[in-house]
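Visitor: One predicted model, sequence on top.
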Amino acid sequence: MKTNGLDTFAAEELFDQDGGIFMGARRDPSGCQVGVFGVPYDGTTSFRPGTRFGPAAIREVSPGLETYCPQLDRDLDTLDYSDLGTLNIAFGAPEPVVEAVKRATSEILALGLKPLMLGGEHSISSGAVAAVAKDHPDLVLVQLDAHADLRQSWLGASHSHACAMRRCLDVLPSGDLLQIAIRSGTAEEFSELHRSGRLIPLHQMSQKLSDLRGRPIYLTVDLDWFDPAVMPGTGTPEPGGFTWADFAVLINELQHHHLVGADVVELAPQLDPSGISSVLAAKVTRSLLLLMAQ
């Protein structure tokens, strides 16, 4: 299927547009500020699989949310954003998927849109970060995650979701990574976190970010950053996490920043029969859309 407004690249080759669509979005990206796309991949999942169903679940529940956000005093009904569909990927090794994500993100940027990717597992993030960093060499990467994700390899895969930030650092020219309130990892990972100064406690988050105002930011949200009490639908839950109120603090600060790209990953909706995890993921997505489309 050919989509109007996507003449600069083959949309029918990159995206499957026959599925659901995020609340209020349109397929045609002409005149839009943000391009949403899904990547249903969980080929390196190391504990509980199912994140390949995440993008569809986020879209499915999104109409249950209001378009208006009281915190930001903004309404999606007044903004222009496109849901380009679900990236066509081959299941198997992660490297071709990461490359496909990089290509799709580059094409979205070429259309003048900011990319907002729905995962899928965290291994896909390095492809999007690589594309955005090419346009913004001074890019700052901000990570919300329960896990450090700094392994060189995991279970024989260098592009495992347990290596997500290591691979992002490989493609991040500035090397500026803020890892917000990480609470799980190896002794070696935590030694690096403390030595590098990249580990930011939650109570220092706003101040550290305020020092970076004016710099382009890419935000990667691994949903297991939230506590399992409010986000049980994720493959590697970690007790001791955070609530929506904590996320709202970040959103308040990001109003003063240039958010040029983002992703929401690691939703495994089948692990939460209540559906609340999917709703939380959709609300995270709504907040990011409102910030990016301003």
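Guide: Cool, got the structure.

Visitor: ok, and the closest non-adjacent residue to E95?
Guide: Distances taken as Cβ to Cβ, 6 or more residues apart in numbering put H159 closest to E95, at 5.7 Å, once the chain neighbours are dropped. Backbone N, C-alpha and C define where each C-beta goes, glycine included.

Visitor: Any idea how many residues pack against that neighbour?
Guide: Look at H159: counted by other Cβ atoms under 10 Å, it has 23 neighbours.

Visitor: cool, and G119?
Guide: Burial of G119, expressed as a neighbour count using other Cβ under 10 Å, amounts to 31.

Visitor: Hmm, D263 and it touching each other?
Guide: Yes. Using Cβ atoms under 8 Å, G119 is in contact with D263, at 6.2 Å.

Visitor: any common contacting residues for the two?
Guide: Taking Cβ atoms under 8 Å, 6 or more residues apart in numbering as the contact rule, G119 and D263 both touch S125.

Visitor: surely P49 meets A268?
Guide: Yes. With contact defined as Cβ under 8 Å, P49 counts as touching A268 (7.2 Å).

Visitor: So those two - more neighbours on which side?
Guide: A268 (28 against 16).

Visitor: quick one: that one from V249, how far?
Guide: Distance, A268 to V249, by Cβ to Cβ, to the nearest Å: 26 Å.

Visitor: where exactly do the strands run in the stretch 51-200 of the chain?
Guide: Using DSSP state E, counting those that start in this stretch, the strands of the stretch 51-200 of the chain run over 68-69, 74-75, 81-87, 114-119, 140-144, 177-180, 199-200.

Visitor: how far away is the closest residue to F190 other than its chain neighbours from R198?
Guide: Of all residues not flanking F190 in the chain, A148 sits nearest, at 7.0 Å (Cβ to Cβ, 6+ apart). Distance, A148 to R198, using Cβ to Cβ: 9 Å.

Visitor: that older thread, pull up the overlap in contacts between P49 and A268.
Guide: D42, G235.

Visitor: closest one to L259 among the strands of the stretch 51-200 of the chain?
Guide: Proximity to L259, assessed across the strands of the stretch 51-200 of the chain by Cβ to Cβ, is greatest for strand 114-119 (7.4 Å).

Visitor: ok now that closest one, how far from the chain's centre?
Guide: Relative to its chain's centre, strand 114-119 lies at 6 Å (Cα atoms, centre = their mean, to the nearest Å).

Visitor: now that strand against strand 81-87, angle please.
Guide: Put simply, strand 114-119 runs at 40 degrees to strand 81-87, going by axes from the mean of the first three to the mean of the last three Cα atoms, to 10 degrees.

Visitor: and strand 114-119, what other elements does it pack with?
Guide: Other helices and strands packing on strand 114-119, by 3 or more Cβ pairs under 8 Å, 6 or more residues apart in numbering; DSSP states H and E, are strand 34-39, helix 54-61, helix 94-110, helix 125-135, strand 258-265, helix 276-292.
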